[in-house]
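> sequence unknown, structure follows:
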């Protein structure tokens, strides 16, 4: 493999890992932070009669994860086209 191909492959992999790290960090902050660490502060706000901390612990982290899946697919498609490794 030429050094140019190897560096392009490494750049693609770095961008992929950076995206994964960012999305997993967001998911961690929402699920662990909002559902456990900041629950007392969030419980002062009510949504549909339920405390916001409870909502994040029960549903918010799941909704966030589903949204992050779509964001990942969208961003990876852009990244694939940028590095010319997309599917035809």
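Received the coordinates, thanks. Because the structure is predicted, anything quoted here is derived from the model rather than measured. Residues are numbered from 1 along each chain as shown.

> hey, where'd the strands end up in the protein?
Counting by DSSP state E, the chain has strands at residues 46-47, 50-51.

> CSV for these, including mean pLDDT and distance to residue 83?
The way it works is simple: take the backbone N, C-alpha and C, and place the C-beta from them, glycine included. Shown next, in CSV, are the strands of the chain (pLDDT from 0 to 100; distance: least, CB to CB, whole Å):
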stretch, mean pLDDT, distance to residue 83
strand 46-47, 84, 41
strand 50-51, 85, 44
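
> Tabulate these (JSON lines), appending mean neighbour count.
Below are the strands of the chain laid out as JSON lines (neighbours: other CB atoms under 10 Å):
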{"stretch": "strand 46-47", "mean neighbour count": "12"}
{"stretch": "strand 50-51", "mean neighbour count": "14"}
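
> Now those strands in CSV, please, with extra columns for distance to residue 64.
Below are those laid out as CSV (distance: least, CB to CB, whole Å):
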stretch, distance to residue 64
strand 46-47, 15
strand 50-51, 17
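
> Now the residue most central in space within the chain. Nearest residue, chain neighbours left out?
For the chain, the residue nearest the mean C-alpha position is residue 23 (2.2 Å; CA atoms, centre = their mean). Among residues not flanking residue 23 along the chain, residue 68 sits closest, at 5.0 Å (CB to CB, 6 or more residues apart in numbering).
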